[in-house]
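**Q** Show me how the following folds:
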Amino acid sequence: MTTTVEPPANKTGPFDDELEEAAVLKFLASHPNFFVDHPDILLKMSAPSRWAGESIVDMQQYLIERKGLEMAELRDAAQDVIETSRTNMSVQTRTHASVLSLMATRTWEDFLRVVTQDWPLLLDIEVVSLGFEIGLEPPAEFMCNEVRSFHTGYVDSLLEGDQEVRLFRAIDDDGTIFGVASGIVNSAAIARIFAGPTWPHGILALGTRDEGFRPGQGTELISFLSRVLEFSMQRAIEWEAQSIAVEPK
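**A** Residues are numbered from 1 along each chain as shown. Model prediction:
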């Protein structure tokens, strides 16, 4: 005789609703502080209405839901502040490291190497460029591949007059500023360099492939970086001149 096995009855889910509800109730009864420790769960739950009916509006339910939305918005705002603070701290730390690397230079060659090769790594950007309005008879120090050459008046036109720093969300560079690296640069920060009345006008250009710079950002650290660069540039060239003067003939 063949025995027929009845298939189990179909269920609507992996758990029996009544058993699951009983387990939840038992768990909550034994953990009265559960929602105190996990308040976010309350934002995803529906609160019971005090009244029911088509022509009745439960204002208490409405206020509870609105407070829940406000709590979620405040939590998101607080998270944005935390992330921004972390980013600012990281940028400040990188700026300080860049300044320290520059303070250790002595010769003009070391100065250029640190700025154009080390700074991109320290600042976590793609390229750093230096450029000056050199003129028809440029000083020997500026006659090298690491320094870009501009015509007179270019710096003021780029910085739109008397701006010290200008941020570009998207910059269209034909190679004048960043040279061969212009193809990978999307956004940029341009800072004025003016070491003294006898020095040519110039710029410090920071370029990144993503939207790392955009108008509205703070520029204090970039200004600080360019001021330190001016001092170090002047010191490096003076050091070179003193070294040449004391060389034995």
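
**Q** Please make it C-alpha for all contacts and neighbour counts, starting now.
**A** Will do.

**Q** Show me where the chain dips below the pLDDT cut-off.
**A** Within the chain, the ranges that satisfy pLDDT under 70 run 1-19, 42-65, 78-90, 135-143, 195, 240-249.

**Q** Just the helices from it, written as ranges.
**A** Per DSSP state H, the chain carries helices over the ranges 17-30, 34-37, 40-43, 59-103, 108-113, 119-123, 154-158, 220-246.

**Q** Return the most buried member of those.
**A** helix 119-123 (a mean of 19; mean count of other CA atoms under 10 Å).

**Q** which residues are contacting that helix?
**A** By CA atoms under 8 Å, 6 or more residues apart in numbering, the residues outside helix 119-123 that reach it are 91, 94-95, 97-98, 126-128.

**Q** again, only this time at 6 Å
**A** 94, 126-128 (CA atoms under 6 Å, 6 or more residues apart in numbering).

**Q** And for stretch 194-201?
**A** Against stretch 194-201 from outside (CA under 6 Å, 6+ apart): 132-133, 230.

**Q** my guess is F168 contacts R214, does it?
**A** Yes. Judged on CA atoms under 6 Å, F168 makes contact with R214 at a distance of 5.5 Å.

**Q** how many neighbours does I177 have?
**A** A count of nearby residues for I177, using other CA atoms under 10 Å, gives 24.

**Q** what's the distance between it and T116?
**A** 13 Å (CA to CA, to the nearest Å).

**Q** what do you get for G68?
**A** 51 Å.

**Q** Kindly report the same for D162.
**A** 25 Å.

**Q** again, but for R227
**A** Counting by CA to CA, the gap from R227 to T116 is 16 Å.

**Q** With E70 instead?
**A** 48 Å.
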